[in-house]
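A.B. asks: Quick check, what structure comes out for this input:
(2 chains)
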Amino acid sequence: ILNVEQSPQSLHVQEGDSTNFTCSFPSSNFYALHWYRWETAKSPEALFVMTLNGDEKKKGRISATLNTKEGYSYLYIKGSQPEDSATYLCAFSPSGGYQKVTFGTGTKLQVIP
Amino acid sequence: DTEVTQTPKHLVMGMTNKKSLKCEQHMGHRAMYWYKQKAKKPPELMFVYSYEKLSINESVPSRFSPECPNSSLLNLHLHALQPEDSALYLCASREGANTEAFFGQGTRLTVV
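C.D. replies: Just a heads-up that it's a prediction; the model follows:
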């Protein structure tokens, strides 16, 4: 069983605040780490796919970093907006089984106007 | 077209019924997935098809039977389900190893 944990489980921030959350995953047999945003009543939407240690990716106000040696990734949201309210999921693929994408427990973000 | 279409959106079925969930994508993706998601839990992998062949079965009970008739279509046949099988069933597809997955909106299944 692959252990992919996210923290915190839920988060409330004021509009305009910046925030970040963590995904931890097995540091051995790493292949790729994905981040998804899942809004209520919609499909999960991919944000990033990261494969290299030290990788940093950015999409608008959202960015992510990756540390494969210690087994964690951070997702940052700068200047949170109400439309950022969603559940953020990370997902881990191991080497030797990259098709097997295992999701983390998720962080539910609520941005208060 | 970056859409993964799942039908039906909602399904209520009895424990003796036979039903099927359908998933379709026209992005040319050769890997297709079924996930099961229970409330307040992350999506849990069930099956992976790669090039129309079953490559991963996560020890799913045989009352769930996947089928990939062609590269665009993925079915999940359901028979003799239990109430605890009630969940959101998500389909996804990917182009390759380092690429993002595209998800459908899911089928909300209730077994009565």
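
A.B. asks: Contact residues of chain A facing chain B?
C.D. replies: Within chain A, the positions adjacent to chain B are A:4, A:31-32, A:34, A:36, A:41-46, A:49, A:51, A:89, A:93, A:97-106 by Cβ under 8 Å from any Cβ of the partner chain. Any C-beta I mention is one placed from the backbone N, CA and C, and that applies to glycine too.

A.B. asks: ChimeraX command for the buried members of those?
C.D. replies: To isolate the buried members of the residues of chain A next to chain B in ChimeraX, using 16 or more other Cβ atoms under 10 Å in any protein chain shown:
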select /A:4,31,32,34,36,43,44,46,49,51,89,93,98,99,100,101,102,103,104,105,106
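
A.B. asks: so the closest residue to chain B within chain A bridges to which residues?
C.D. replies: Each residue of chain A has a distance to chain B, by Cβ to the nearest Cβ, and the smallest belongs to A:Ala46, at 3.3 Å. In this entry, A:Ala46 is beta-bridged to A:Tyr36, by DSSP bridges.

A.B. asks: Quick one: residues contacting it.
C.D. replies: With Cβ atoms under 8 Å, 6 or more residues apart in numbering or on different chains as the criterion, the residues that contact A:Ala46 are A:34-36, B:100-102.

A.B. asks: could these be laid out in CSV, adding distance to B:Gln82?
C.D. replies: Putting these into CSV (distance: Cβ to Cβ, whole Å) gives the following:
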residue, distance to B:Gln82
A:His34, 31
A:Trp35, 33
A:Tyr36, 29
B:Glu100, 33
B:Ala101, 28
B:Phe102, 30
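
A.B. asks: Take these and lay them out in a markdown table including distance to B:Thr5 and pLDDT.
C.D. replies: Below are those laid out as a markdown table (distance: Cβ to Cβ, whole Å; pLDDT from 0 to 100):
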| residue | distance to B:Thr5 | pLDDT |
| --- | --- | --- |
| A:His34 | 22 | 96 |
| A:Trp35 | 24 | 97 |
| A:Tyr36 | 19 | 97 |
| B:Glu100 | 18 | 91 |
| B:Ala101 | 15 | 93 |
| B:Phe102 | 11 | 95 |
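
A.B. asks: ok, the lowest-mean-pLDDT helix or strand in chain A: who's next to it in the sheet?
C.D. replies: Of all the helices and strands that make up chain A, strand A:102-103 has the lowest average by mean pLDDT, DSSP states H and E, namely a mean of 92. Taking DSSP bridges as the criterion, strand A:102-103 pairs within the sheet with strand A:86-94 (antiparallel).

A.B. asks: At which residues are the strands of chain A located?
C.D. replies: Counting by DSSP state E, one finds strands in chain A at the ranges A:5-7, A:10-14, A:19-24, A:30-38, A:45-50, A:56-59, A:62-67, A:72-77, A:86-94, A:102-103, A:107-112.

A.B. asks: Quickly list what B:Leu109 is bridged to.
C.D. replies: The partner residues for B:Leu109, given DSSP bridges, come to B:Leu11, B:Ala87.
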